[in-house]
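**Student:** Quick one, structure for this:
(one chain, ligands or ions: 1)
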Amino acid sequence: MKKSCHIHLLTTGGTIAGKGQVGKTSGYQAGSLSTDRLLETLPPLPPHIHLSMEQICSIDSNEVDDHLWLSLVRRINELASTDIDGFVITHGTDIMDETAYFLNLTVKTEKPVILTGAMRPSTAASADGPLNLYQAIHLASRPEAAGKGVLVCFCDSIYSGRDVQKVNTYKTDAFNEQDLSCLGYMRDEECYFMNQSLAVHTTASCFDVSELTALPRVDVLSFYAGAPADALDYYAAHARGIVIAGTGSGNYSSAWKNKIAELEPHGIPVVRASRIGHGIVSRDPHFEASANCIPSYTLPPQKARILLSLALTVTNSYDEIEQIFRKY
Ligand SMILES: NC(=O)C[C@H](N)C(=O)O
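**Tutor:** Numbers count the residues shown, from 1 in each chain. From the prediction side, this is the model:
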């Protein structure tokens with residue numbers, strides 16, 4: 001007989017809890033199914049898995065903000081010292097990559113923490129939520145999933161919270177399988193790990209948000225043909241740091257480069273990321289001419305924003321922020 005296992009489900013809403021016209025995959029309301037109703041869609045679990053649950057909120061993930069992240073991480077850290085063996089979080093897919101990365105940097109447990117969701121509402125023909133949730137619960141019960149950082153289980157694949165990104169607007173296989181983030185596969189209840197993220201996470205992370213009520217404001221600004229450099233003045237006046245979604249390998253015009261250099265004495269770090277979504281933004285003397293300009297390495301803009309915000313909770317030093325971007 002298998003050793004019994006206690007999995008705790010935290011629900012936040014998203015399309016997995018969405019309801020709409022029966023059969024249709026679009027035009028639905030996300031986050032409208034209660035946790036009990038969500039569980040009615042699940043195939044039966046084996047007797048050794050004991051499931052407990054709580055609803056954190058019931059929202060479209062575009063409503064997720066720093067405050068929700070801080071309460072979610074506090075709740076997981078508080079429950080991590082109980083007899084719970086693993087956590088599953090249901091979440092909308094639009095912001096799932098951001099929440100997974102934030103939790104990857106801030107939860108203080110080696111126990112499995114798995115996010116899942118769906119691309120089709122519960123009322124759609126061939127809704128994908130039940131299988132995703134079923135597999136996420138099984139994955140959370142597996143010792144192989146421990147100590148690997150926060151994971152996403154979606155459409156038969158296992159992704160690292162560090163590198164997962166949504167890459168399709170509506171298909172059920174919506175995350176980046178052909179990239180750094182796919183760590184392995186699910187086949188029914190079985191998990192098959194093939195890779196592991198080397199970036200620092202969870203118990204080894206230096207970020208402690210337990211006393212914070214808000215995160216330092218960091219904004220993302222896109223560069224595009226002819227983008228006016230004075231937009232940076234606005235962000236420099238309102239945010240503690242800026243991430244640029246540049247072109248190609250994190251590029252922008254010389255007018256932007258000069259404006260960023262002007263911000264250096266004002267203590268505003270500017271992280272160069274890329275709007276491409278794949279590849280690396282590495283050090284380039286052309287851009288890193290001013291010390292406040294830091295490459296995002298393999299982080300896309302929305303994840304670089306999270307890391308810069310957390311980095312600003314521990315340091316204002318440009319050099320130390322750069323070291324953090326190399327490690328996390
Ligand atoms: N598939 C989804 O879950 C999308 C939805 N808008 C959400 O992120 O909440």
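
**Student:** CA atoms for contacts and neighbours, from now on please.
**Tutor:** Fine.

**Student:** Show me how the chain divides into domains.
**Tutor:** Listed by automatic domain parsing, the domain ranges of the chain are 5-204, 218-327.

**Student:** Looking at these, which is nearest to Leu212?
**Tutor:** The minimum distance between Leu212 and the domains of the chain falls on domain 5-204, with 7.7 Å, by C-alpha to C-alpha.

**Student:** what's the spacing between the closest one and its chain's center?
**Tutor:** 11 Å (C-alpha atoms, centre = their mean, to the nearest Å).

**Student:** Convert the C-alpha atoms of stretch 209-220 to PDB, please.
**Tutor:** What follows is stretch 209-220, C-alpha atoms only, in PDB (Å, rounded to 0.1, in the frame of the first residue of the first chain):
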ATOM      1  CA  VAL A 209       8.800  39.000   2.300                       C
ATOM      2  CA  SER A 210       7.200  38.000   5.600                       C
ATOM      3  CA  GLU A 211       7.200  41.500   7.000                       C
ATOM      4  CA  LEU A 212       6.400  43.400   3.800                       C
ATOM      5  CA  THR A 213       3.000  45.000   3.100                       C
ATOM      6  CA  ALA A 214       3.900  46.000  -0.500                       C
ATOM      7  CA  LEU A 215       6.700  45.500  -3.000                       C
ATOM      8  CA  PRO A 216       8.900  48.300  -4.400                       C
ATOM      9  CA  ARG A 217       7.300  49.600  -7.600                       C
ATOM     10  CA  VAL A 218       9.000  48.500 -10.800                       C
ATOM     11  CA  ASP A 219       7.500  49.300 -14.200                       C
ATOM     12  CA  VAL A 220       8.000  47.700 -17.600                       C
END
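
**Student:** now the helix or strand hosting Val220: mean pLDDT?
**Tutor:** For Val220, the element it lies in under DSSP states H and E is strand 218-222. Across strand 218-222, the average pLDDT comes to 98.

**Student:** sorry, back to before: could you save the domains of the chain as JSON lines and add columns showing mean neighbour count and distance to the ligand?
**Tutor:** Formatted as JSON lines, the domains of the chain follow (neighbours: other C-alpha atoms under 10 Å; distance: least, C-alpha to the nearest ligand atom, whole Å):
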{"stretch": "domain 5-204", "mean neighbour count": "20", "distance to the ligand": "3"}
{"stretch": "domain 218-327", "mean neighbour count": "19", "distance to the ligand": "15"}
